[in-house]
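K.L.:
Compute the structure for the input listed below.
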Amino acid sequence: MNEHSESPGQQCFKKSLILFLRISINILINETNYLTYTSSIRNTGHF
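P.N.:
Numbers count the residues shown, from 1 in each chain. Below is the predicted model:
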């Protein structure tokens, strides 16, 4: 009975939560890459 304890709504919620987390992580990685890129440009003096 344990396998079927989750309702379809709970599974859908889990999927959307995982998707949201993945998008958040991607945004964080992009932000970090952008910040390191701009700081390296600032350090070398090129714009």
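
K.L.:
So which residue is smack in the middle of the chain?
P.N.:
By Cα atoms, centre = their mean, the chain has its centre lying nearest to residue 25, at 2.0 Å.

K.L.:
can you list the weak-confidence ranges in this structure?
P.N.:
Along the chain, segments meeting pLDDT under 70 span 1-4, 45-47.

K.L.:
Around residue 15, count how many other residues there are.
P.N.:
10 (other Cβ atoms under 10 Å). All C-beta atoms are positioned from the backbone trio N, CA, C, and that covers glycine.

K.L.:
What's the separation between it and residue 41?
P.N.:
Counting by Cβ to Cβ, to the nearest Å, the gap from residue 15 to residue 41 is 39 Å.

K.L.:
And residue 26, by the same measure?
P.N.:
Taken as Cβ to Cβ, the span from residue 26 to residue 41 is 23 Å.

K.L.:
all helices for this protein, in order.
P.N.:
8-44 (DSSP state H).

K.L.:
Next one: residue 16 from residue 9, what distance?
P.N.:
11 Å.

K.L.:
What of residue 31?
P.N.:
Residue 31 sits 33 Å away from residue 9, going by Cβ to Cβ.

K.L.:
which residues touch residue 20?
P.N.:
Not one residue lies near residue 20 by Cβ atoms under 8 Å, 6 or more residues apart in numbering.
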